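Novice: Using only what follows, build the 3D model:
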Amino acid sequence: MSVEAQTEVYSLLDAMQISYEVTEHPPVFTIEEMISVDIKHPENVVKNLFLRDDKKRNYYLVVMDKDKQVNLKELKDKLGGRPLRFASEEDLYKYLKLTKGAVTPFGVIHDPEHSVVVVIDNALRSYDFIGIHPNTNTATVWIGVNDLVRLVENQGNRILFMDI
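Specialist: Predicted structure coming up:
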């Protein structure tokens, strides 16, 4: 993904009249790298995980505070589904047209079948805004959680809030 990927996200945000701010930075692949980059709001950076069940029937994009760890067994129980695993890079590209290091809920704009469920940690409801990649890992978009929810729902993907 590249400048075109970013432009697509910004155009959609503009069309939906969603306020956002952008911070450009060198490519980052981990939360540790992201925090080491000089950005305005490191406390609002979130972690995004792309998961699937063991039968590859259900896919989830989990959005949570960067400092949290997810217990996949507990999350499976909360979702009421099958055992969870991290999805492959191939599946990440197949469903969201994203690459490793650029996992983001904005990827749902490339999910016309609405195959991916976006799961947002309830703790993020208290954030004024969060920082997520615009389908590339060379920038961070600062966006309100409610605005992100509106965008995901507008794309037709299911969204769940739960304690992670």
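
Novice: CA only for contacts and neighbour counts going forward, please
Specialist: OK.

Novice: immediately after the helix or strand hosting residue 74, which helix or strand?
Specialist: Take DSSP states H and E as the rule and residue 74 turns out to sit in helix 72-79. The helix or strand immediately downstream of helix 72-79 is strand 84-86, counting by DSSP H and E.

Novice: Partner strands of that following strand, with direction?
Specialist: Here strand 84-86 is paired, per DSSP bridges, with strand 46-53 (antiparallel).

Novice: By mean pLDDT, flag the weakest helix or strand of this structure.
Specialist: helix 31-36 (a mean of 84; mean pLDDT, DSSP states H and E).

Novice: send the alpha carbons of that one over as PDB?
Specialist: Coordinates of each C-alpha in helix 31-36 appear next as PDB, following Å, rounded to 0.1, in the frame of the first residue of the first chain:
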ATOM      1  CA  ILE A  31       3.900  -0.700  18.600                       C
ATOM      2  CA  GLU A  32       7.500  -0.300  20.000                       C
ATOM      3  CA  GLU A  33       8.600   1.300  16.700                       C
ATOM      4  CA  MET A  34       5.500   3.400  16.600                       C
ATOM      5  CA  ILE A  35       6.100   4.800  20.100                       C
ATOM      6  CA  SER A  36       9.700   5.500  19.300                       C
END
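
Novice: Please state the offset of it from the chain centre?
Specialist: Distance, stretch centre to chain centre, for helix 31-36: 16 Å (Cα atoms, centre = their mean, to the nearest Å).
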